[in-house]
Structure formats: structure tokens, C-alpha cells
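K.L.:
curious how this folds, go ahead:
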Amino acid sequence: MGGGGERLHVSREPVLRRMSSALLSFAVLIAGFMLTWVAARSAIDSEKQQARAELQLLTTDIQSAIGDRLLAYEALLRAGVGTIDAFWPVQSADWRRFTAQMRLATVYPGLQGVGFATVDESGQPTSKIVFLEPLDASNRLALGYDMMSEPRRRAAMERARDSAAPALSAKVVLVQDLRRGLRTAGFLLFLPVYSSPSPPATVPQRRESLRGFVYSPFRAEDFFRTALAGSAGNAFVEVFDGDAPSADTLLYRSGTAVPAGSMTDTRRLPLAGHPWTLRVSMAATPLSLASSPIPWIVLGGVSNTLLLAGLAHALALNRRRLQERIRADRALAERERQAAQVLENALDAYAAIDTQDRIVEWNRQAATLFGWSAHEAIGRRLTDTIIPADMRERHLAALGSFAQRADHPLLGKRLEMPARCRDGSEIFVELSIVQIAVPTGPRFAASLRDITQARRQAAEIRLLNETLEQRVAERTAQLEVANRELSTANRDLEAFAYSVSHDLRAPLRAIDGHVMRFLDSVEATPDTQRNHAGAIRRNLARMGKLIDDLLNFALIGRRPLQKQALVLWDTVRTVLHELPHSPSVVYEVSPDELGTVHADPALLKQVLTNLLGNALKFSRDCDPPRIQIGCERRADQTVYFVRDNGVGFDPQHAGKLFCVFERLHAAADFEGTGVGLAIVKQIIERHGGQVWADAAPGRGATFFFTLP
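P.N.:
Numbering: from 1, shown residues only. Below you'll find the model as predicted:
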């Protein structure tokens, strides 16, 4: 029994394999037949969609034909408006000549006529239609008709009058047909005529200046038949007045009934301020087996299904080997993905080209460095992306030599070269080129690193080394300036020591002498004692003034500047009010010319006080003393001055004026400490300006200064 069970097991295994193959083949047959049915059905739907698209295209052509024909008639009415404006008041002969030149019958088929209706003084149309050409028997019936008496005509005329634009009426029966007992559908197109060449701006003005209407009546049948000639083809066309298609609103129908099983496209036509509804129907075209792809789809589907069923059996036998190949391909794809991810996230830019110089790889860092995204760069030539124009020929020549020599000396070496970014700027890159063998042919890959900043820093270092001698010379010059300033400070210190030893001692000696005389002359008269006491007070005041000037001179160099915009005349006026007033002094100043300066208010006031005080002191013996304050333009700066008609000074000694304790006049003639002009010079130079003087003995002096 055991042997029989083993034989049964061995005999069932091929049967199971055959059943599995049969099931797979049967499944392939079922799937193939289903796909064939789906493809045939899709082909039928595609033909229906194509027919629908053809219908929509035909409807668009019909819509354009109607709109274009109505625009042509609108242009005719505008020509009529121009004729009325040119020949107003228009006579019937003028209107007849105008219509004759338009050749209505040949150029404007489907047009019933072109007419003109006037308005009375109240702005309403009268019952009289003045002109209507061509004046045949039919149009004569419309002369004198009051179009305002019919609501649909009235609505269109009022719309045209108020909008100053063409207006289409609703469906009406023309007067010509109504008086002949006909009920043919028609419509009218109106265009207003105003008394002014251009339409008035407002509705009330348009109503007031209205002269009448140029209009055209149309029989709908004639209009649409001529407008659609050659455009409708075999389609069934219907046009309705308004937005609701119905038997009452029907304007035109190209046949007697809609074909059975036809497709329909309906559109709204807003024309001249009034809507029409266009409905186009087209009978469905029966499928032709000769031209239809459906039989070929069925035949091809059945053939392919049988072929696939045969192949399915072979595929089932090779399933294991295919699965092993898939696993191997997946492992290879994973390794390639990891390698691509490493390249994509590398810190250096990476690019690869083929032998035709076309980019095949471009990582994220390359996109960041050069401005071209991978989508934009791949497929482009490298010479059109990053190679500068003057290096493109050398690049192409090198690429050709790379393809011929695998051991090219430039391959595998580090190179430096300029590269062009997308925005047109150039950078320097360091790159290394390697050749990669792939089945489609050799590729050349390069990793690139931006070294522009490093080269710039190296150039700056070289420049610093090259300019070291120049900077040493500049530093030496700065030290020389500092030495000159130190020398000036030493001279000021020597002058100060001289002042302390001479100018400060002089009043002290005078005080001591007067005190000794005061003590020795006990029996002196009160007048003598008062003289001695007055001399003591004067010398004490002189010494106090000298000490105050010395303190001001020392503090000005330490006091921080508080610059602001100042009206110079305001500061001058304040100083003049504070100076000793004398009716005989004549001040000459033009406030508007002084303008505005940018300076420290307190220090500028000190400058003007010292300059005006000196001018007043040295011109007090003149008759009259005259002081002028003003400014003048020299080169590219404004120069301010204070001029007097006093005693002046020798210009050979002008350099001593602005030194501390230097005086050009004896103290017995003109009081002073010799510090005031030194303070002026220090303040002006702290502001970045200059100060100087010009004078002649007995002819006054002028002090100039500038303020940047």
C-alpha cells in the first residue's frame, strides 16, 4: 500500500503543473478579451467625441458668420451717421446718393433697407420715418410709421439713445410685411445720431442732443440664409430671440424638423445689447467598417490574446528565474540609488557629459552653484551652460581628444578654470575630470568646487603685501601730521607760558605798584585814592578776562560738537543785540543771502561774537563805523565774511593773527587778550572749515571763513 501511495503522488504532480498552466492561459484569454472589448468601446467613444468636436467647431463658425455679418451692417449704419453729420440737414437726394454708393443689393445681401427717423424737440421719435432706401414698393409702406408706438422697437431705440451704441431690437414683424398682411419674423438695428460730432458724456446730454436714428430693418429668413451661406453645411440651424428657445421666439430654422438621433450644441449670442440663442444640430454619422479602426482592434486583440496565452505558459515555467533576476535588478538599482544619493548630496558640484557635450548628470550642488536646475541642465550642451564664450573652442577640442585617448594627460588631474553662471556672472572652479565607461558610450564626469572666494582672498593678500610699503608711507605721513600737531601744541604751550610769565604778571605788577602808592600816600586826596583804586579794578578785570579766554581756548578743543541746521541770520541778529550798541555804527547785511549752515549753535555764536566784536573795536574811531556781513560763492563752496572800515593791519603779519596771545596793535590803543582770533580758528577748523584775513593799514580788514 505504501508503494501504491508513492506512485499516486508521483503521477499527480505533472497534472497539477498542467492545471496551473491551463488556469494561467485561461486567465490570460479572459483578460485579453476584456481588454479587446474595452479598446473597441474606447474607439467608439472616441469617434463620438470627434463628432462632438466637429459640431462645436461648426457652431463656432456659424456664430462667427452671424456676428461678422451684423458687424458689417453696423459699419453701414455708422457710415450713414457720418453722412447725416456731414450734410445736416439731410435731403432725400443726399440719402439716396449715399445708399446708391453703398451698393446695398450686392455688398449687403439680406438687408431690407437703410433708413433715418428724426425726433421732435422733446427728444422722442416722431411718427414719421423720413428716409428708407431703396425706396421700393415694400419700403414705401413704412414711411411715416411711428416706431416709438411699438414697445419692442421703442425699447431698442431708447437703449441705443442712452448708450450711444448700436442696439438690436427683439423679434418684430416689419411694417412692410404687417401692412401687406404677412407675419414674417424680423428685427431692426438702430444707431443714434446726435447733434455733436462725438457722443455726449452723460445720458441726459445724449437725450437732449438726439437728432434721430439711422436704422436697418431685416427679415430674419433673408438675413440668416445669406449670412450662413457656405457656413452651415448639412447642419440643422435654429436661431431664437432671447434666452428661452420656443416656437414664439423662433427667428430662423434651416429645415423642417430636427433629424432623429442628432447631436445638438446650444449657445447664447449677445449681439448689439440684445441676446439671441443659437442651436445647431447634426445627425450622427453611422460607423463605417471600412474606415473605422474597430474591426482592426478586435482582430488585433484576439490575435494578441491568443499569442499572450501561448506566452503565458512559457512565462510560468521561467517564473523562478525571472524572480531571481528581479531580485538582482532590485539590488543593482538600490546600489545605483545609493550612489546617486551620495552624488546628489555631495558638497562639490557634480556634472557628467557624453561625447556630444550633452549634460547627462547634474547634482543639487551644481544647480546651486551655477543657477541651472537639473531639469533645465540635463540635455543641454555644456558649452551653452557654464563654459565662457572665449573657452568654448578649446573645450570642444579637449572633449574630442578625451574620446580618442583614455590616458589623456588632463584626465584625473586637478585644474582651475573660469565658469559662467546662469545670471551671466563668472566664477573660478577647481575640477577633476574622469572617464566613465557605460554601454551607450564613454562619459566624462567632473567634480567642481567654487574657489572664487579663495582666489579673491589670495589676491587680497598679494595686494596687501604689494601695498605694504605704501601703507607704511601713509602711516609715516600720519605720524608727521601728528608731529606737526604736537609742534603746534608746544608753540601754544610756549605762548601760554609766555602769557603766564608776561601778560598775567603785568597786571599783577600794576596792582602791586598802585597798592604801594596807595599805602605810601596816606595824606593823599580822595581823588588820588580813587584813581589808584580804579587802576587796581581795571587790572583785575583785565587779568580775569585773560583767564576766561584761556579757559575757553582750552575747553573748546574738548567740547563735543552738537551740529544742527541753523539759519545764519538768526545767530547774527542775536550777536548784534548782545554787542555794545552805538547809533553811529552802520551794519550792512542781507539776511536772505546768508542761508542755512550746519554747525554747533554755541560755537558758531562764539565765532560771530569775536569777529563782530573785533570789527566794532577796530572801527570805532571811523566816521561812521561801517561793518558788512555777507557771503560769496567761490568755486564749489560758500565763503562767509565780516568786513570793517577800521584801522586794518599790515598783511605781512596776517599769519600771527590767529596765534594765541599774538597782537598787532598796542594794548594802550586797543584793549584785548590776543586769544579771541585763536578761538575762532580752533572752532572753524573743528567744523572742517578754514579761516583767513585780508587787510591794509588804514583801509579796514576782512575776515573770511567757510563751513562745509
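K.L.:
show me where the stretch 51-200 of the chain has strands.
P.N.:
Using DSSP state E, counting those that start in this stretch, the strands found in the stretch 51-200 of the chain span residues 114-119, 125-133, 167-168, 172-173, 185-194.
K.L.:
same list (those) but as a markdown table, adding distance to residue 478, mean neighbour count and mean pLDDT.
P.N.:
All C-beta atoms are positioned from the backbone trio N, CA, C, and that covers glycine. Listed next are the strands of the stretch 51-200 of the chain as a markdown table, based on distance: least, C-beta to C-beta, whole Å; neighbours: other C-beta atoms under 10 Å; pLDDT from 0 to 100:
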| stretch | distance to residue 478 | mean neighbour count | mean pLDDT |
| --- | --- | --- | --- |
| strand 114-119 | 95 | 23 | 88 |
| strand 125-133 | 98 | 19 | 75 |
| strand 167-168 | 89 | 22 | 94 |
| strand 172-173 | 101 | 19 | 91 |
| strand 185-194 | 85 | 24 | 92 |
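K.L.:
export those strands as CSV, with columns for distance to residue 369.
P.N.:
Listed next are these as CSV, based on distance: least, C-beta to C-beta, whole Å:
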stretch, distance to residue 369
strand 114-119, 73
strand 125-133, 78
strand 167-168, 65
strand 172-173, 75
strand 185-194, 67
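K.L.:
closest to residue 34 out of these?
P.N.:
strand 185-194 (55.1 Å; C-beta to C-beta).
K.L.:
same for that closest one, what does it pack against?
P.N.:
Using 3 or more C-beta pairs under 8 Å, 6 or more residues apart in numbering; DSSP states H and E, the elements in contact with strand 185-194 are helix 2-87, helix 151-163, strand 167-168, strand 172-173, strand 210-219, helix 220-227, strand 250-253.
K.L.:
ok, now which ones touch the residue nearest to residue 357 when sequence neighbours are not counted?
P.N.:
Leaving out its chain neighbours, the residue that sits closest to residue 357 by C-beta to C-beta, 6 or more residues apart in numbering is residue 381, at 4.8 Å. Shown in contact with residue 381 (C-beta atoms under 8 Å, 6 or more residues apart in numbering): 356-359.
K.L.:
quick one: residue 381 from residue 359, how far?
P.N.:
Separation of residue 381 from residue 359 (C-beta to C-beta, to the nearest Å) stands at 8 Å.
K.L.:
do the same with residue 56
P.N.:
44 Å.
K.L.:
mind checking which of the two has more residues around it?
P.N.:
For residue 56 versus residue 359, neighbours defined as other C-beta atoms under 10 Å are more numerous around residue 359 (22 against 14).
K.L.:
okay, and the beta partners of the more buried one?
P.N.:
Residue 359 has these beta-bridge partners by DSSP bridges: residue 353.
K.L.:
all numbers from here: first residue = 15
P.N.:
Taking 15 as the first residue, the last one we looked at is residue 373.
K.L.:
how about the contacts made by the spatially most central residue of the chain?
P.N.:
By C-alpha atoms, centre = their mean, the chain has its centre lying nearest to residue 437, at 18.1 Å. Listed by C-beta under 8 Å, 6+ apart, the contact partners of residue 437 are residue 385.
K.L.:
okay, residue 402: pLDDT?
P.N.:
With respect to pLDDT, residue 402 scores 90.
K.L.:
cool, and residue 608?
P.N.:
So residue 608 comes in at 88 (pLDDT).
K.L.:
tally of neighbours for it?
P.N.:
Neighbours of residue 608 (other C-beta under 10 Å): 19.
K.L.:
nearest residue to it in space, please, no chain neighbours.
P.N.:
Among residues not flanking residue 608 along the chain, residue 582 sits closest, at 4.0 Å (C-beta to C-beta, 6+ apart).
K.L.:
ok, now which ones touch the one you found?
P.N.:
Neighbours of residue 582 in contact, by C-beta under 8 Å, 6+ apart: 608-611, 654.
K.L.:
tell me the two of those residues that are most distant?
P.N.:
Using C-beta to C-beta, the two most remote members of the contacts of residue 582 are 610 and 654, lying 12.1 Å apart.
K.L.:
more crowded one of those two?
P.N.:
Between residue 610 and residue 654, residue 654 has the larger neighbour count (other C-beta under 10 Å), namely 24 against 11.
K.L.:
which element is the more buried one on?
P.N.:
Assessed by DSSP states H and E, residue 654 sits inside strand 651-658.
K.L.:
what residues sit buried inside that strand?
P.N.:
Across strand 651-658, burial judged by 16 or more other C-beta atoms under 10 Å covers 653-658.
K.L.:
which strand in this structure runs the most residues?
P.N.:
Counting by DSSP state E, the longest strand found in the chain is strand 440-452.
K.L.:
for that one, give the mean pLDDT please.
P.N.:
Strand 440-452 comes out at a mean pLDDT of 84.
K.L.:
the strands in the stretch 315-464 of the chain, which residues?
P.N.:
Taking DSSP E, counting those that start in this stretch as the criterion, the stretch 315-464 of the chain contains strands spanning 363-367, 373-376, 428-434, 440-452, 455-464.
K.L.:
can those go into a markdown table with extra columns for distance to residue 718?
P.N.:
Formatted as a markdown table, these follow (distance: least, C-beta to C-beta, whole Å):
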| stretch | distance to residue 718 |
| --- | --- |
| strand 363-367 | 65 |
| strand 373-376 | 70 |
| strand 428-434 | 57 |
| strand 440-452 | 54 |
| strand 455-464 | 58 |
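K.L.:
chain neighbours aside, what residue packs nearest to residue 43?
P.N.:
Once flanking residues are discounted, residue 43 sits nearest to residue 323: 5.1 Å by C-beta to C-beta, 6+ apart.
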